[in-house]
Every structure is written in structure tokens, then in C-alpha cells.
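[1] task: produce atomic coordinates for the following.
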Amino acid sequence: MKIGILQTGHPPDQLRPDYGDYDRMFADLLDGHGFAFASYDVEGMVFPKSVTDCDGWLITGSRHSSYEDHPFIPRLEAFVRAAYAADVPIVGICFGHQIIAQALGGRVAKYPQGWAVGRQTYDWQGKQVAINAWHQDQVIARPAAATVCASSAFCENAALVYDKRIFTVQAHPEFDSEFTGKLAQTRGKGVVPQALLDQLHATQDLPIDTPLVAHQIATFFKERRLQ
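    Model prediction:
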């Protein structure tokens, strides 16, 4: 199964030599599940010719907000709607989670309570699941087709499913704790409140449930369901 990774951003330049770009992070996350990958720099306006060029699509995180004025955003929204109509499965992560909701009639905004960074715990289909997050924007009004499958007191719409066609996650299963710590140093200082950065570092060695979320993503692509 060939998954097209739609890159809507890139890690800080100083981290890329050690950690790779977002497409590599997702290939590593989903390693062992039998996928092949193709990458498209949609932030740079490199888009697939058709929604059927791959068997499924994965939209990455970004430093941009979905409601900002960038040329790639309306084109990506149109791509999401076309893929949804064509019944080609999509997975969205962080910005991907938000742009999909926005494209399908939801609303995204800066959350009044601020940032979520580092290890966060969610009620995930009755289980407590911990993964790393990095966001201030949230889906504050979900589309009619979306059903909540994970939430927390801080983030009501933490993971959504849409008619067995789309699965989206607000947090970052592709971010390991080491990378998240480095991100705090490069993009967090002066932007994220210091108390939250201190909390990130204090919880950095606690376990996260990356394999569980990776398995859910893989199962959704292959079987159109969560497990």
C-alpha cells in the first residue's frame, strides 16, 4: 500500500541532520506495517496530480495555522475534499488534523487556555494514552461528519474519525521525547510559557504510547477502522 505524505512544514533546520524531515519521521513511525511512501512538499506548492496517485494520504504538522493566508492552504483544503469524495483514506496529524476539519466545515482557532507541549494523556476509546503534543490551535467546532475517538480536559477534539474515510490526531505520535525536547529549545523559547517548557522537560523520560497510535494509523489505512 502506497501512502502519500503531504508535508505542510519542516522541522527546524538545525534539527534536520539528526532527526530528518517529517516524511522520514512518519516512515519510521509506520515502519514494519508494509507501506511504501511518496512525499510531496505541499507547503512549497508541490501537489500530487490526482487524489488517486496513492492509496492513502497523510498530512503532517506545520508551523502555520490553518486559518492563515498561505497559497498552499486553499489548494490543500480542495485536495482533502476531493479525496474524501473519492473515498481515498486520509490521516491528519496536528496541522493535518486541523486543516481537514476546516476543509470539511469545522472551525480552528487559538485555544484560550494556551499551549499543549510535551507528554499529554488522552481518554482514547476508554484507554489512557500518552503521546507528545505541540500546539496552540485546536479544532473548536468539529464537522458534522466527525466523531470524537480521543479527548482530554484540555483538548476535547483530540482525535476524530470521519465515516471510515479519515482519521486525525491533534498530538504528534511521530515526535519522540528527545525530539520534543530539542523542539522546546529551538521553537519553544520566548514563544511557549517557560512553566510549560519546564513541565515538558520534567516529564520527558516518562513512557509514551507511540506504538499503539502507530498501530491505529496503520490499521485505519489498511482496514478503515481503529483497533
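[2] report the contact partners of the residue most central in space within the chain.
    The structure's the chain has its C-alpha centroid closest to residue 93; by Cα atoms, centre = their mean the separation is 1.0 Å. Contact partners of residue 93, counting by Cβ atoms under 8 Å, 6 or more residues apart in numbering, are 26, 58, 59, 60, 61, 168, 169, 172, 173, 174. C-beta: built from backbone N, CA, C; applies to glycine.
[3] what bridges to it?
    Beta-bridge partners for residue 93, by DSSP bridges, are residue 169.
[4] ok, now how distant is it from residue 132?
    11 Å (Cβ to Cβ, to the nearest Å).
[5] okay, and the common contacts of the two?
    The contact lists of residue 93 and residue 132 share 172, 173, where a contact means Cβ under 8 Å, 6+ apart.
[6] coming back round to it: pick the one among the contacts of residue 93 closest to residue 126.
    Nearest to residue 126 among the contacts of residue 93: residue 169, at 16.7 Å, using Cβ to Cβ.
[7] dihedrals phi and psi, residue 204?
    phi -60, psi -30 (degrees, to the nearest 10).
[8] wait, isn't it in contact with residue 175?
    No - Residue 204 is not in contact with residue 175 according to Cβ atoms under 8 Å; the separation is 11.5 Å.
[9] who's more crowded, the two?
    residue 175 (27 against 17; other Cβ atoms under 10 Å).
[10] need the contact list for that one.
    25, 132, 134, 183.
[11] ditto for residue 216
    So residue 216 contacts 167, 226, 227 (Cβ under 8 Å, 6+ apart).
[12] would it count as being in a strand?
    No - counting by DSSP: H, G, I helix; E, B strand; the rest coil, one finds residue 216 to be helix, located in no strand.
[13] ok so, going back, mind putting the contacts of residue 93 in CSV, neighbour count and pLDDT included?
    Compiled in CSV, these are given as follows (neighbours: other Cβ atoms under 10 Å; pLDDT from 0 to 100):
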residue, neighbour count, pLDDT
26, 25, 98
58, 29, 98
59, 28, 98
60, 26, 98
61, 26, 98
168, 26, 98
169, 25, 98
172, 25, 98
173, 25, 98
174, 27, 98
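[14] what's the closest of those residues to residue 104?
    Using Cβ to Cβ, the contacts of residue 93 come closest to residue 104 at residue 168, 10.2 Å.
[15] looks like the closest one contacts residue 159 (just checking).
    Yes - using Cβ under 8 Å, residue 168 is in contact with residue 159, at 6.6 Å.
[16] any common contacting residues for those two?
    residue 97.
[17] related to what we said a few turns ago, tell me which of the contacts of residue 216 has the lowest pLDDT.
    Least confident of those in the model: residue 227, at 74.
[18] quickly note the distance from that one to residue 63.
    Distance, residue 227 to residue 63, using Cβ to Cβ: 32 Å.
[19] now do residue 52
    Distance from residue 52 to residue 63, by Cβ to Cβ: 30 Å.
[20] ok, residue 196 next?
    From residue 196 to residue 63 the distance is 17 Å (Cβ to Cβ).
[21] could you pull out the buried residues of the helix or strand harbouring residue 28?
    In this structure, residue 28 sits in helix 22-29 according to DSSP states H and E. Within helix 22-29, the residues scored as buried using 16 or more other Cβ atoms under 10 Å are 22, 23, 24, 25, 26, 27, 29.
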